[in-house]
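Student: Show me how the following folds:
(chains A and B)
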Amino acid sequence: MSQDRLHALLIPALQRAFQDSFGTPVEERALVLQQTRAEFEGDLTINVFPFLRVTGKSPEQTAQAIGEHLVGHVEVVERFNVVKGFLNLVISDAYWSRFLHEAASSDILAFPATGAEVMVEYASPNTNKPLHLGHLRNIFLGWSVSRILEAAGNKVIKVQVINDRGIHICKSMLAWQRFGNGETPASSGLKGDKLVGKYYVEFDKAYKQEVDTLVATGVPKEEAEKQAPILLEAQDMLRQWEANDPAVRALWEKMNGWVYDGFNATYERIGVTFDKNYYESQTYVLGKEDVLKGKERGVFYEKDGAVWVDNTKEGLDEKVLLRRDGTSVYMTQDIGTAIKRFEEFPNLKKLIYTVGNEQDYHFKVLFIILKKLGFAWADELFHLSYGMVDLPSGKMKSREGTVVDADDLVQEVVDAARAVTTELGKLDDFSDEEKAELFEMIGLAALKYFLLKVDPKKRMLFDPAASIDLQGHTGPFIQYTYARIRSLLRKAGEAAAESDPASSKSQVLLPEERVVLKLLHQFPAVLSEAAMRLDPSALANHAYELVKAYNGFYQSVPVLKEEDEGKRSRRLALSTAVAKATKKAMWCLGIEVPERM
RNA sequence: GAUCCCGUAGCUCAGUUGGAUAGAGCAUCUGCCUUCUAAGCAGACGGUCGUUGGUUCGAAUCCAACCGGGAUCGCCA
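Tutor: Below is the predicted model of the structure:
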């Protein structure tokens, strides 16, 4: 478990306890405080087994001695009990009450500014087809990581790389020219990215047909795939593009423009923004100079007229960086782009690439190359690698049409949210606009939370039915708890103003309250852990645990109905604190929370 | 073939410097709305933590081998 302020308080105290009781120091890193399991009394537990060699006593005797010392010397340790080798510490209600006051009156998930500037690249779409489910995992993950890093005190620059150039877009352009009859988003009402994607598919159809025709005339399949006239024409178009042919460039700009309109509509709906866009059409020329310079300095070498890097010492292999004809490969421009970014942002502390794990090898090589070129910042590059998204039917394959379209998916979850919410009928006094806004909020929460609660590194299964679920371990469940608390606090408005917290004599916490407080107390440590590991799932899961515990409290402990003013105000404070932390955590996940639902 | 990732309840997932009887959600079943939002709560059912060895007082966690799934290894992007 990650460190929090109780740890900071108790670890030195434990060291002193060992020193005083047994005359031997113990290392700080050997001391591990864990959450006490629910079936025992206590808040924090230390296992003394590792120290028996030092103390020379039995587990029970050791734990007893340490426990007594702590109670005697540390104010917040109220009492303790020993079960086998486990020393369970009970933290005082006074400590928890102080913490509650802080959590209710301030933002416990706010961190001091670190002064560091971090760049997160979290989208890199191609402009020949619309966004799909895989992009959504990528985007939600990168967006959330950006938010988490911001919350952790960093300045974050969010960027996207747009692969706007290359054979893929030429294929769409050519097919549109040939079969499009001048269709535009305006003329057909089709979203721009969908329209361009449609012609990419058209190209593929025509291409396959031509290949089949060639094969029928006796051309070997492999040859036919290279010789299909439409492909040759697309390649020719790419050459014309590179030669700056005005007509090709104009068409390219027009169709890319449609795609951007489409992407932007999607981005706006899912609530993400970028500070800067990098276009491959501008960056693809980068890197060549750097590679040539590297060759001069002997970092790279020439073989068969091409420039290579040798990473065999690093356990990898050799890789071409410049082709025999002097042109770049993908790696080359990534080298150049990284260098450019650090030139543009001289204060950049860290550069994070949110890219699927199919490119693990690519980034390994990229980082090694930049290191070999001598850039000090090469150590600060990080590939935030995430696993592929599978469907119950298997892998998503664009060729087989099993790709889940991002816009369709968003629409589905929003529709599901509308259906369920309408069914529950709690929105009688909502205006149509308010309803529409709420459905978006709930639907997107379901989708985002579903994709973010899983460890990013792992391949995951996307079950459409489960993703629109609004109950259990879901985003809407968390939203619901938040809305419920807000409702409670609204009602408390007058009552809270009248109550006097100082009149409370009762500081004894109920178990239900204590459980919630402990989870709140851990929250800052969970956030900093999430920031360190670049893992939103840790935060997502903790937010769920917190509201789950709160619901248990809510169900069995009266708040507004509590007669004792002190208890009532304490429970309102607890509710306030949970709402605040929940809202902030959801903000870090890129999920909004409603005041009512 | 080489390298890397993954394997925990019927399903989807937590479990991160090795610690107590491995936890949630979904699904199935049982209770709880004349009380602060039942999108909720309480409970039941459900496990050879892929397998076998090893290290350790102690292993889902570390190591090795094997089995199963996936990815990558192009003068493609």
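
Student: For the rest of this, base every contact and every neighbour count on C-alpha atoms.
Tutor: Will do.

Student: buried residues in the helix or strand hosting residue A:519?
Tutor: Per DSSP states H and E, residue A:519 falls inside helix A:511-533. Neighbour-count burial for helix A:511-533 flags A:512-531 (criterion: 16 or more other CA atoms under 10 Å).

Student: Could you double-check that residue A:308 lies in contact with residue A:302?
Tutor: Yes. If you go by CA atoms under 8 Å, residue A:308 and residue A:302 touch, sitting 6.0 Å apart.

Student: out of those two, which sits in the more crowded spot?
Tutor: The neighbour count for residue A:308 versus residue A:302, taken as other CA atoms under 10 Å, is higher for residue A:308 (20 against 15).

Student: any idea which helix or strand carries the spatially closest residue to that one that is not a sequence neighbour?
Tutor: Leaving out its chain neighbours, the residue that sits closest to residue A:308 by CA to CA, 6 or more residues apart in numbering is residue A:320, at 4.4 Å. Under the criterion of DSSP H and E, residue A:320 resides in strand A:318-322.

Student: who does residue A:33 bridge with?
Tutor: Assessed by DSSP bridges, residue A:33 has beta-bridge partners residue A:46.

Student: Contact partners for it?
Tutor: A:1, A:7, A:44-47 (CA atoms under 8 Å, 6 or more residues apart in numbering).

Student: how about the strands in the stretch 251-400 of chain A?
Tutor: Counting by DSSP state E, counting those that start in this stretch, the stretch 251-400 of chain A has these strands, from start to end: A:276-279, A:301-303, A:306-310, A:318-322, A:348-356, A:381-386, A:389-391, A:394-395.

Student: which neighbours does the first one have in its sheet, and in what orientation?
Tutor: When sheet partners are counted by DSSP bridges, strand A:276-279 sits next to strand A:155-162 (parallel).

Student: Return the distance of the partner strand from the chain's centre.
Tutor: Mean-position distance between strand A:155-162 and its chain equals 14 Å (CA atoms, centre = their mean, to the nearest Å).

Student: Then stretch A:375-386?
Tutor: The chain centroid and the centroid of stretch A:375-386 are separated by 17 Å under CA atoms, centre = their mean.

Student: Equivalent analysis for stretch A:20-36, please.
Tutor: Here the centre of stretch A:20-36 is set off from its chain's centre by 35 Å, with CA atoms, centre = their mean.

Student: if I pick the residue of the stretch 151-300 of chain A found nearest RNA strand B, what's in contact with it?
Tutor: When scored by CA to the nearest atom of the strand, the stretch 151-300 of chain A has residue A:166 as its residue closest to RNA strand B, at 5.9 Å. Applying CA under 8 Å, 6+ apart, one finds that residue A:166 lies in contact with residue A:238.

Student: The stretch 151-300 of chain A: helices as residue ranges?
Tutor: A:167-179, A:185-188, A:192-216, A:221-227, A:229-242, A:246-270, A:280-283, A:288-296 (DSSP state H, counting those that start in this stretch).

Student: so residue A:238 touches residue A:168, yeah?
Tutor: No. In this structure residue A:238 lies outside contact range of residue A:168 using CA under 8 Å: 9.3 Å.

Student: These two: which has the busier surroundings?
Tutor: Neighbours per residue (other CA under 10 Å) separate residue A:238 from residue A:168, with residue A:238 holding more: 22 against 19.

Student: Direction included, what does the worst-scoring helix or strand of chain A on mean pLDDT pair up with?
Tutor: None of the helices or strands of chain A scores lower by mean pLDDT, DSSP states H and E than strand A:394-395, at a mean of 82. Strand A:394-395 pairs in its sheet with strand A:389-391 (antiparallel), by DSSP bridges.

Student: Any part of the partner strand near RNA strand B?
Tutor: No. On the criterion CA under 7 Å from any atom of the strand, strand A:389-391 is out of touch with RNA strand B, staying 7.8 Å away.

Student: roughly how far is that strand from the heart of the chain?
Tutor: In this view, strand A:389-391 has its centroid 18 Å away from the chain centroid, taken as CA atoms, centre = their mean.

Student: One more: stretch A:217-234?
Tutor: Taking CA atoms, centre = their mean, one finds the center of stretch A:217-234 at 43 Å from the center of the full chain.

Student: Low-confidence stretches in the stretch 151-300 of chain A?
Tutor: Residue ranges of the stretch 151-300 of chain A with pLDDT under 70: none are present.

Student: who in it is up against RNA strand B?
Tutor: With CA under 7 Å from any atom of the strand as the criterion, the stretch 151-300 of chain A meets RNA strand B at residues A:163, A:166.

Student: how about residue A:490, secondary structure?
Tutor: Three-state call for residue A:490 (DSSP: H, G, I helix; E, B strand; the rest coil): helix.

Student: Count the residues that sit near residue A:459.
Tutor: Around residue A:459 there are 15 residues (other CA under 10 Å).

Student: re earlier: next one: the residue nearest to residue A:308 from RNA strand B, what distance?
Tutor: Using CA to the nearest atom of the strand, to the nearest Å, we find residue A:320 at a distance of 5 Å from RNA strand B.

Student: Confirm for me that that residue is in contact with residue A:303.
Tutor: No. The criterion here is CA under 8 Å, and residue A:320 misses it with residue A:303 at 9.3 Å.

Student: and the contacts of residue A:33, which are buried?
Tutor: The neighbour-count test (16+ other CA under 10 Å) marks A:7, A:44-47 as buried among the contacts of residue A:33.
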